[in-house]
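Engineer: Provided below for reference: sequence and predicted model.
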There are 2 protein chains.
Amino acid sequence: MRLVVIGGVAAGMSAAARARRADPSLEIVVLEKGPQVSWAACGLPYLLSGRVNRPEDLIIRPAESFQRERNIGVRTGAEVAAIQPSRRQVALCGGERLAYDRLVIATGARPERAVAGADQPHVFTLHTLEDGRRIRAFLEEQRPRRAAVIGGGYIGLETADALAERGLAVTLFEAGADLLGRADPELTRRLAEHLEGQGIELRLNTPITAVEDLSAAGAPAELVILAARLHPNVELAAEAGIELGRTGAVRVTDRMETNLAGIYAAGDCIETLHLVTGGPVYLPLGTTANKTGRVAGANAAGARERFPGVAGTMIVALRGLAAGVTGLSPAQARKEGFQPTAVHITAEDRSRYLGSRPTLVELVADRRTRRLLGGAVLGERGVAGRVNVIAAALTAGMAVEQLAQLDLAYAPPLAPVWDPLLLAARALLKELG
Amino acid sequence: MRLVVIGGVAAGMSAAARARRADPSLEIVVLEKGPQVSWAACGLPYLLSGRVNRPEDLIIRPAESFQRERNIGVRTGAEVAAIQPSRRQVALCGGERLAYDRLVIATGARPERAVAGADQPHVFTLHTLEDGRRIRAFLEEQRPRRAAVIGGGYIGLETADALAERGLAVTLFEAGADLLGRADPELTRRLAEHLEGQGIELRLNTPITAVEDLSAAGAPAELVILAARLHPNVELAAEAGIELGRTGAVRVTDRMETNLAGIYAAGDCIETLHLVTGGPVYLPLGTTANKTGRVAGANAAGARERFPGVAGTMIVALRGLAAGVTGLSPAQARKEGFQPTAVHITAEDRSRYLGSRPTLVELVADRRTRRLLGGAVLGERGVAGRVNVIAAALTAGMAVEQLAQLDLAYAPPLAPVWDPLLLAARALLKELG
């Protein structure tokens, strides 16, 4: 029995590792088109800022060690040209054919590059370790002073922050009205305020279709990073007859099965179930890639595991501020047919006499059912923990009443006696009446 | 209609404030035997360490402002001698009688003082603002170099840490085998390790019944703080015919009603429902005091609110370490008739390439139902947030499977792609088989 995994970053390597534990006798081959497997894509911004010193520091486990320690064959520079399900084989670009019994597709995503002039030497995407290496070299050798970052999602925000940390004058462009890809004016307003405080110029509602637009917009840049939205790499799958979902990403069951027997998919190329809406969503994130990769690997190796879905949790970490979201924003909730009510409160993040800082909490609930639908937290400290509590509450289908009564930890240096989450839940109860 | 509230710290003032909002026309009188109302008891250790500069900094809202801004009468130095339910009045120590229509008992708790020699001038409890003031003066005037703290609960731990921060040589005595009042050897071992690293000497299984025992134990002290367990102040209630529960604290309904009509109780003098065991528990904590106070005040003023119970969440914040617990430890779970299985894992608290630190996570589940029963988290950062997620999961009655699948936030500077909670839940799933 041979398992072939296409793609060797988060989902692919998770699948391979989990499959190995599930079946020690399985032959496992990972095909990675790039030069590296098992590296931390989310660490790329820190390579730019200098907080991570060398590209190699982002490698989680070298390719050789998979072979040596786990008996997982890893082939880098191995690009798949086609999947041939009827023959149960994949065709590699060099012409080679490789048979499989089980296949895991973990082809990931790619950043939007549809910007005229993107082939110029000062224009980059920040997606692969090679990208990181090239930008880092460019920064060190060319010493650009002005940068433009295209895209106000978490990658764009973290990249803008990293370049500003390095001392560049940064302008961040977002085609739409919102940051973090979340229709949420209040969250965008607070993030914008913070960015401006950090000297990062923000241009919302400013689509950039050509590098030349930057000069026209009064922001000529010596370095341009394209960080607009990610597109799932579905071409190989689609050409092989694998069904895509309505988000455009590969459709899978909760066991990561595609519509073709023996073929699984995981990571940034698939859509997942949103636990709040019950519908599919395309949210390419490292956490989900690792989790779905594990489930795909387990099932491909004969174990039985499932992935229930995502709450839509995402956090962005900037200097002096983190912003996290989970579930639905009011606008998203309305679009999904809910009757959302939302509150935004600002509260102290610990006891005032120990130097508290304000934290913003947004909570969204459905008027009809009083069920929590989503939330956002923005502040200097404790943001991840608070977003995670909201995510747990969403997963449990909690009503706002229950959230307002949670027994949350209190210690003056860490959290106030009334946690901002509880105050927000109380405010939301008032709104719900 | 007159509402009388006995006790003006967390529960009492919360009750008064909530009652005022529920009924603007109610006459409200708070009787506080001490000189101060509305102050932050949990801030006392920071007064000792010096992180809080003046005792006044712990006053949340001065007594006058309740009268002025909220039309709440506050009488300090007003000690109640008896509650006379048949006459609907309270008798004050000076002989005065005060009639009530509704009564909220928020008499709090007191620390154990049953130690021979406790009346010596270098022996203190740390319970009131006056205590804090006196110890602070003693520290500044007498400049003691060696301190003993009696009691290994959260107050004892924070006090020992505060005195050590101030430069004193501190020995911490605990009569039992466990710290934080939780039968949990692993948690105690890690906390003990940390304390020793901070130069605090820890003596477990060492009951101190007389101040002289300290010298006999080789730890003569120029300053002794009695921080052993709290006893609920139930005498007034009990003498008035109000029922106590089996924990020895006042028994109340989920609306904070005692067995006597029109009389409510809240805060450190009551027992609450434990959401995991379904039974009563005595856990005197600031969060619960504020919450139950609000509910008592609301209901006493004619609104209808309820307090569902506690998960048993508690966190202690030391220099360089926080330790939080919620739900049941394995030993507590066994005692409650569960079939507990537990795991302890140590995992990185963020991405390794950004300087992670180890975090300990303990999770406890029931073998029969696979339901989560409790957990503990110990580490430098992110402890409160992780404990809160466990508390939310307990409140929702989650099975371990569901916890293991939570969509938790990931950003390299804040949390690793596999949060320690998820790794612990996975390890526990393996144990459960």
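Structural biologist: Everything's here; your move. Numbering: from 1, shown residues only, chains lettered A, B, ... in the order given.
Engineer: from B:A10, how far out is the residue in chain A that chain B sits nearest to?
Structural biologist: In chain A, the residue found nearest to chain B is A:G385; the distance is 1.3 Å by Cβ to the nearest Cβ. The way it works is simple: take the backbone N, C-alpha and C, and place the C-beta from them, glycine included. Taking Cβ to Cβ, to the nearest Å as the measure, A:G385 falls 23 Å from B:A10.
Engineer: swap in A:F173?
Structural biologist: Taking Cβ to Cβ as the measure, A:F173 and B:A10 are separated by 50 Å.
Engineer: quick one, what contacts the residue positioned nearest the centre of chain A?
Structural biologist: Centrality entry for chain A: nearest residue to the mean C-alpha point is A:L285, 2.6 Å, by Cα atoms, centre = their mean. By Cβ atoms under 8 Å, 6 or more residues apart in numbering or on different chains, the contact set of A:L285 is A:310, A:314, B:410.
Engineer: domain ranges for chain A?
Structural biologist: According to automatic domain parsing, chain A comprises the domains A:2-109+A:231-300, A:113-226, A:322-432.
Engineer: quick one: closest of those to B:R370.
Structural biologist: Among the domains of chain A, the nearest to B:R370 by Cβ to Cβ is domain A:322-432 (15.6 Å).
Engineer: tell me the contacts of the residue at the greatest distance from the centre of chain A?
Structural biologist: Computed with Cα atoms, centre = their mean, the residue of chain A farthest from its C-alpha average is A:Y353, at 36.9 Å. Contact analysis of A:Y353 by Cβ under 8 Å, 6+ apart lists A:412, B:40, B:43, B:46, B:52, B:57-58.
Engineer: looking at those residues, which is nearest B:A16?
Structural biologist: Top of the list for closeness to B:A16, among the contacts of A:Y353 and by Cβ to Cβ, is B:A40 at 16.7 Å.
Engineer: how many residues are close by that closest one?
Structural biologist: By other Cβ atoms under 10 Å in any protein chain shown, 24 other residues sit near B:A40.
Engineer: phi and psi next, for the residue nearest to it when sequence neighbours are not counted.
Structural biologist: In space, and not counting its chain neighbours, B:A40 is closest to B:L58: 4.6 Å by Cβ to Cβ, 6 or more residues apart in numbering or on different chains. Per-residue torsions, B:L58: phi -90, psi 0 (degrees, to the nearest 10).
Engineer: please apply the same query to A:L230.
Structural biologist: The phi/psi pair for A:L230 (degrees, to the nearest 10) reads phi -90, psi 140.
Engineer: what's the answer for the one 5 residues further on, then?
Structural biologist: The phi and psi values for A:E235, taken as degrees, to the nearest 10, are phi -60, psi -50.
Engineer: show the contacting residues for it.
Structural biologist: A:E235 neighbours (Cβ under 8 Å, 6+ apart): none.
Engineer: out of the contacts of A:L285, who's nearest B:P24?
Structural biologist: After measuring those against B:P24 - Cβ to Cβ - the closest member comes out as A:M314, at 43.5 Å.
Engineer: hmm, the closest one is touching A:L179, no?
Structural biologist: No: counting by Cβ atoms under 8 Å, A:M314 does not reach A:L179; the two are 11.6 Å apart.
Engineer: so which residues of the stretch 251-400 of chain A form helices?
Structural biologist: Here the stretch 251-400 of chain A has its helices, by DSSP state H, counting those that start in this stretch, at A:286-300, A:330-335, A:383-395, A:400-404.
Engineer: in JSON lines: the ones you listed, plus distance to A:D254 and mean pLDDT.
Structural biologist: Shown next, in JSON lines, are the helices of the stretch 251-400 of chain A (distance: least, Cβ to Cβ, whole Å; pLDDT from 0 to 100):
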{"stretch": "helix A:286-300", "distance to A:D254": "8", "mean pLDDT": "98"}
{"stretch": "helix A:330-335", "distance to A:D254": "22", "mean pLDDT": "96"}
{"stretch": "helix A:383-395", "distance to A:D254": "15", "mean pLDDT": "98"}
{"stretch": "helix A:400-404", "distance to A:D254": "26", "mean pLDDT": "98"}
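Engineer: turn these into a markdown table, including mean neighbour count and distance to A:L3.
Structural biologist: Putting those into a markdown table (neighbours: other Cβ atoms under 10 Å in any protein chain shown; distance: least, Cβ to Cβ, whole Å) gives the following:
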| stretch | mean neighbour count | distance to A:L3 |
| --- | --- | --- |
| helix A:286-300 | 28 | 5 |
| helix A:330-335 | 18 | 37 |
| helix A:383-395 | 29 | 31 |
| helix A:400-404 | 22 | 42 |
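Engineer: so which of the ones you listed gets nearest A:L421?
Structural biologist: Closest of these to A:L421 is helix A:383-395, at 5.5 Å (criterion: Cβ to Cβ).
Engineer: helices or strands next to that closest one in the packing?
Structural biologist: Applying 3 or more Cβ pairs under 8 Å, 6 or more residues apart in numbering or on different chains; DSSP states H and E, one finds that helix A:383-395 contacts strand A:314-318, strand A:321-327, strand A:358-366, strand A:372-379, helix A:400-404, helix A:420-432, helix B:383-395.
Engineer: pick the most deeply packed of the ones you listed.
Structural biologist: With neighbours taken as mean count of other Cβ atoms under 10 Å in any protein chain shown, the helices and strands packed on helix A:383-395 reach their highest mean count in helix B:383-395, at a mean of 29.
Engineer: relative to strand B:372-379, how tilted is that one?
Structural biologist: Orientation check (axes from the mean of the first three to the mean of the last three Cα atoms, to 10 degrees): helix B:383-395 against strand B:372-379 gives 180 degrees.
Engineer: what residues does the stretch 101-250 of chain A put near chain B?
Structural biologist: Within reach of chain B by Cβ under 8 Å from any Cβ of the partner chain, the stretch 101-250 of chain A has these residues: A:154, A:158.
Engineer: residue ranges with poor pLDDT in the stretch 101-250 of chain A?
Structural biologist: Within the stretch 101-250 of chain A, no stretch has pLDDT under 70.
Engineer: could you identify which of the domains of chain A is most buried?
Structural biologist: Taking mean count of other Cβ under 10 Å, domain A:322-432 is the most buried of those, at a mean of 23.
Engineer: quick one: that domain to chain centroid distance?
Structural biologist: Chain-centre distance of domain A:322-432: 21 Å, with Cα atoms, centre = their mean, to the nearest Å.
Engineer: what do you get for stretch A:131-144?
Structural biologist: Averaging C-alpha positions (Cα atoms, centre = their mean) puts stretch A:131-144 24 Å from its chain's average.
Engineer: how about residues contacting it?
Structural biologist: Stretch A:131-144 has contacts (Cβ under 8 Å, 6+ apart) with A:44, A:47-48, A:55, A:58, A:121-122, A:124-126, A:166, A:168, A:221-223, A:225.
Engineer: hmm, 6 Å instead?
Structural biologist: For stretch A:131-144, the external contacting residues (Cβ atoms under 6 Å, 6 or more residues apart in numbering or on different chains) are A:44, A:47-48, A:55, A:124-125, A:222-223.
Engineer: ok, A:A249 to A:E243 distance?
Structural biologist: To A:E243, A:A249 is 11 Å away according to Cβ to Cβ.
Engineer: now do A:A177
Structural biologist: For A:A177, the distance to A:E243 - Cβ to Cβ - is 33 Å.
Engineer: same deal with A:G43?
Structural biologist: A:G43 sits 33 Å away from A:E243, going by Cβ to Cβ.
Engineer: with A:P144 instead?
Structural biologist: For A:P144, the distance to A:E243 equals 44 Å [Cβ to Cβ].
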